[in-house]
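Participant: Model the following, please.
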Amino acid sequence: MEFPQRFSLPKLMWDETARIMLGKEDIATSMFTWQPEKGTDFLVVSLRDKKLVGRFHTDEALFTYHPVNCVEDGDGNLHLDITKYEKEVVYPIYLLDDLRQASEM
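Facilitator: Reported below is the predicted structural model:
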């Protein structure tokens with residue numbers, strides 16, 4: 001799966017430099033950008049020869065950590081079980097300051 005969440009290596013390098021130089025702890029996730037207009041792509045890879053056999057696009061923007069299960073039925077249809085988030089809410093909740101505040105509650 002290709003999500004509409006994009007990663008920027010230059011932003012990571014800049015943010016890591018800023019973290020070290022300025023002592024900031026809350027910028028680690030700013031290297032990710034959520035671009036829902038890009039939708040989500042599903043890629044199907046053959047288990048036998050490891051080759052890409054299909055690519056499917058949906059305009060729906062979603063994020064998931066990883067697919068839970070995918071099975072092929074007798075008619076050749078794939079069924080995918082996932083836990084999805086409809087917006088990018090995942091990484092920001094793991095910021096150190098937020099985790100510290102949650103543990104104080």
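Participant: surely residue 72 meets residue 78?
Facilitator: Yes: counting by C-beta atoms under 8 Å, residue 78 is a contact partner of residue 72 at 5.5 Å. For every residue, glycine as well, the C-beta is placed using N, CA and C.
Participant: Now do the same for residue 12: its pLDDT.
Facilitator: pLDDT, residue 12: 69.
Participant: Equivalent analysis for the one 10 residues further on, please.
Facilitator: Listed pLDDT for residue 22 reads 61.
Participant: residues touching residue 40, list them.
Facilitator: Contacts for residue 40 were tallied using C-beta atoms under 8 Å, 6 or more residues apart in numbering; they are 1, 2, 3, 4, 57, 58, 60, 61, 62.
Participant: measure it to residue 71 for me?
Facilitator: 20 Å (C-beta to C-beta, to the nearest Å).
Participant: Kindly state the beta-bridge partners for residue 32.
Facilitator: residue 7 (DSSP bridges).
Participant: Burial check on it, number of neighbours?
Facilitator: Neighbourhood size, residue 32 [other C-beta atoms under 10 Å]: 18.
Participant: what about stretch 43-57, how long is it end to end?
Facilitator: Across stretch 43-57, the terminal residues are separated by 9 Å (C-alpha to C-alpha, to the nearest Å).
Participant: what does it rub up against?
Facilitator: Counting by C-beta under 8 Å, 6+ apart, 1, 2, 39, 40, 41, 42, 78 sit against stretch 43-57.
Participant: again, but for stretch 70-79
Facilitator: For stretch 70-79, contacts defined as C-beta under 8 Å, 6+ apart pick out 44, 80, 81.
Participant: Can you tell me which of these lies closest to residue 34?
Facilitator: Proximity of those to residue 34 (C-beta to C-beta) peaks at residue 80, which lies at 21.6 Å.
Participant: State the distance from the closest one to residue 6.
Facilitator: For residue 80 relative to residue 6 (C-beta to C-beta), the value is 22 Å.
Participant: Please apply the same query to residue 40.
Facilitator: Using C-beta to C-beta, one obtains 12 Å as the distance from residue 40 to residue 6.
Participant: Many thanks, have a good one.
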